[in-house]
Structures are given as C-alpha cells and as structure tokens.
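>>> Kindly return the folded structure for what I paste below:
(2 chains)
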Number of protein chains: 2
Amino acid sequence: MTEQKATNITWHHGAVESADRERVLGQKGVVIWYTGLSGSGKSTLAHAVEEKLFETGKISYVLDGDNIRHGLNKNLGFSPEDRTENIRRIGEVAKLFAECGVITMTAFISPYRDDRNAARSLLPEGSFVEVFVKVPLDVAEERDPKGLYKKARAGEIPEFTGISAPYEEPESAELVIDTSELDLEQSAAKVVDYLAQQGKLSA
Amino acid sequence: MTEQKATNITWHHGAVESADRERVLGQKGVVIWYTGLSGSGKSTLAHAVEEKLFETGKISYVLDGDNIRHGLNKNLGFSPEDRTENIRRIGEVAKLFAECGVITMTAFISPYRDDRNAARSLLPEGSFVEVFVKVPLDVAEERDPKGLYKKARAGEIPEFTGISAPYEEPESAELVIDTSELDLEQSAAKVVDYLAQQGKLSA
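This is a model prediction of the structure:
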C-alpha cells in the first residue's frame, strides 16, 4: 500500500476483490435460494448442507426466519407488499454475503416468482442456485412442525401460503428436491454435488 | 450427521456454530463501526484496513454507501427517520456477517449516538469496535471529495450532516483516529493493532 498524506485521501475502492477472498477461502461466493411451502424442509435442508460443507472446510451461512425475521426484517409483516420487501432485503443481503465469498443459503417460503427472479437478477449468471424444496401440501400440513397449518385452517393466521395465500412454483429451478421422496442425507448430497459440479467448491 | 427419514424432519438448528467458522477462518467475527463526518475518510480507512488484513489471510468485508445505499437501503432517504432505519438495517446485517466469522466493517456517517448504540447492543460485549474517524469540519469541507459540502452550503442538499443536520460525536469509542494528523498507513495500522490486541486475529 502506498503511503499517502491524509489531507489528500483518495478512493481505494475494491482493493480487495471478491476473487481474492474466494482464493483464500477455496470456494466461490454463491447464493443457494431454497423456496417451498412452510414445512417443506427448507431450513433443515440448508443446515444439513451447511454441515456437509463445513466437514470439508467450506464456509457457508444460512439466512432464515430465525436470524432475519427477528432482526433485519422485524418491521415487516405478511401482506403481499411486506413479503415482497422481505424477499427484496434478503436478496440484497445474500448478494453481499456472496460477494464476501461465502456460500450463502436462504431458507424462506418466498412464494412469488417475481420476487425470486428479482433476487436472482442481483447475482451474476451461475451465482444464483434456486432450489425448489417440493413437497405435496398434504405432507407439509401433516408435518406441521410449528402448528401453523392448524392455526391457518382455524383462521387464526391470515394470508398463510398454501392455504389462504398463493405459492407460485418455480418454473426453472436449478434443483428440485422432493423431501417426501428423498431423505435428508440424500437431499443435502444433491445440493453439495451440484455445487461441486458447478465449480463452486474450489477457487 | 444421523440419517433421517424425510417424513420425520427435525430442527438441526445451529449445527455449525460461529465458533466453528472462526476456527476455520483463524479469526473472530467482529464489527468495526466507523463513524464520522462526510469526507473524514471512513471508507478509505476501512478499505486500507481490509487490505492490511487480507495480506495476512484474514477475511473482512466493508459495508459502505457503495454497496448499501444502492441496494439494501435504496428505498431510504435522509430524513431523521430514514437515517435511523438505514443504520438499524446496517447494524443487523453487520451482526449477521460477524456471526459468519467475518471481520465486518461499516463506513457510514451514522450521526446519531442512539443509532450507533443500538447497533452495538446487537453484538456481544467486545465484538463491536466503534472507531471515531475524527476530523475538524473545516478540513472535511476543504477535502470535499464528492463536492457535497459545496452543494450543502448552496442549499442544494438539505439535512447535510455538519452543515444543516447534527453530528453527535461518540463519547466512548474504542478508537479515535484523527485523519488530519495520522496518514492512512498509520490510521490503518492503529485499527489492525487494536484487533490483534483484542485477540480478533486468531481463533
């Protein structure tokens, strides 16, 4: 770094580039965007993938309801407008993490196709991997891990995806994983294998 | 990872913890929060620190106007309410990056003490390093790298910090760096030395 008098400070923008960080990390920054109904297994799958990646020294990070809805997006509700803003912010944050070189995973219902495509458009071609975590509604409702479907059927939760709000299925997701057919290990392996094939697990 | 039937998916929350990522990265997740007038040299200093850290293989990431104001916070202006929401979101995102194990730097004027303290309160004790990039107003105005002071004096920019909007100086910043006295190399070294002393550059 050239020494420089403080009274003549100039802009050192991007002295360290994404590619530099990727080289140190031995991986490529990428966004893996899980979408699917409540109870489809998005967060569980994301954390299983995180664990598999970590076993080989890769750095990933999961953005999900746990760390987003009570923090960054705690001032948003579930109206269509708020859902769109929720996903917009998550897309922007995921982009920043990917620029940092992190294998970034988002696990949100993200029911609107346009919102998901907007998130995709923020990333370079090939750096956004949409994973449709597919499961029949009746299976998701049967699982009902948080008791939300029960409440939605009872009318206690308005605008609940799959019951009283729409879910727009992806038309060209990079991966479709049916968690009523594959077990967790198989599902996670499918994601990790895809990343390896796409050259994301080396720099 | 225990194999598991997909119909009985359970919550694997936090299988990979912050401490695990820190061990792989050989550093601690931390937020370095630069605050100061426009033209004080926050972004320049942050990028100089990023470069110094990178030379020793450390992974840092700078959040600044370039990647936040045109992305995550593009729907915010400069009213007091919007400034507060701007800083709130940045604080939340910085927290996520720190949890990921990244040495996270934010370079925003962040003029309100309460807003900075709110960002601090999101992090564990010792994981938030406030750096007051101090410079006399007349020096910042003399530099005026983006011509903003000129416009503010001409009344073309309302609510400009230091001219027509307040800047509340930090009362207990971890570091105070006067960039009209120290050059860029000295300023950056001061930050890196502090991180080393605090044990942030090893896991």
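>>> burial count for A:Gly155?
A:Gly155 is flanked by 10 other residues according to other Cβ atoms under 10 Å in any protein chain shown. Bear in mind the C-beta positions are built from the backbone N, C-alpha and C, glycine included.
>>> Any figure for the gap between it and A:Gly77?
Distance, A:Gly155 to A:Gly77, using Cβ to Cβ, to the nearest Å: 17 Å.
>>> In which helix or strand does the most centrally placed residue in chain A reside?
Taking Cα atoms, centre = their mean, the centroid of chain A lies closest to A:Thr106, which sits 1.7 Å from it. Element membership for A:Thr106 (DSSP states H and E) is strand A:103-107.
>>> quick one: is that strand near chain B?
No - Strand A:103-107 stays clear of chain B (Cβ under 8 Å from any Cβ of the partner chain), getting no nearer than 8.9 Å.
>>> helices or strands up against that strand?
strand A:30-35, helix A:42-55, strand A:60-64, helix A:80-99 (3 or more Cβ pairs under 8 Å, 6 or more residues apart in numbering or on different chains; DSSP states H and E).
>>> close to chain B, is the very next helix or strand once past it?
Counting by DSSP H and E, the next helix or strand C-terminal to strand A:103-107 is helix A:113-121. No - between helix A:113-121 and chain B, judged by Cβ under 8 Å from any Cβ, nothing touches; the nearest distance is 11.5 Å.
>>> residues of helix A:113-121 that come out buried?
Buried positions in helix A:113-121, judged by neighbour count with 16 or more other Cβ atoms under 10 Å in any protein chain shown: A:115-116, A:119-120.
>>> Could you do stretch A:154-169 as well?
Within stretch A:154-169, the residues scored as buried using 16+ other Cβ under 10 Å are A:157, A:159-163, A:165, A:167.
>>> Could the C-alpha coordinates of it be exported in PDB?
The C-alpha coordinates for stretch A:154-169 follow below in PDB (Å, rounded to 0.1, in the frame of the first residue of the first chain):
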ATOM      1  CA  ALA A 154     -58.700 -22.300  12.100                       C
ATOM      2  CA  GLY A 155     -58.500 -18.900  10.600                       C
ATOM      3  CA  GLU A 156     -56.000 -17.700  13.200                       C
ATOM      4  CA  ILE A 157     -53.300 -16.900  10.700                       C
ATOM      5  CA  PRO A 158     -54.400 -14.800   7.700                       C
ATOM      6  CA  GLU A 159     -52.600 -15.000   4.300                       C
ATOM      7  CA  PHE A 160     -50.900 -18.300   5.000                       C
ATOM      8  CA  THR A 161     -49.100 -19.700   2.000                       C
ATOM      9  CA  GLY A 162     -50.800 -22.800   0.500                       C
ATOM     10  CA  ILE A 163     -54.000 -22.200   2.500                       C
ATOM     11  CA  SER A 164     -55.100 -18.600   2.100                       C
ATOM     12  CA  ALA A 165     -52.200 -17.100   0.100                       C
ATOM     13  CA  PRO A 166     -50.600 -18.300  -3.100                       C
ATOM     14  CA  TYR A 167     -47.400 -20.200  -3.700                       C
ATOM     15  CA  GLU A 168     -46.000 -19.800  -7.200                       C
ATOM     16  CA  GLU A 169     -43.900 -22.900  -8.000                       C
END
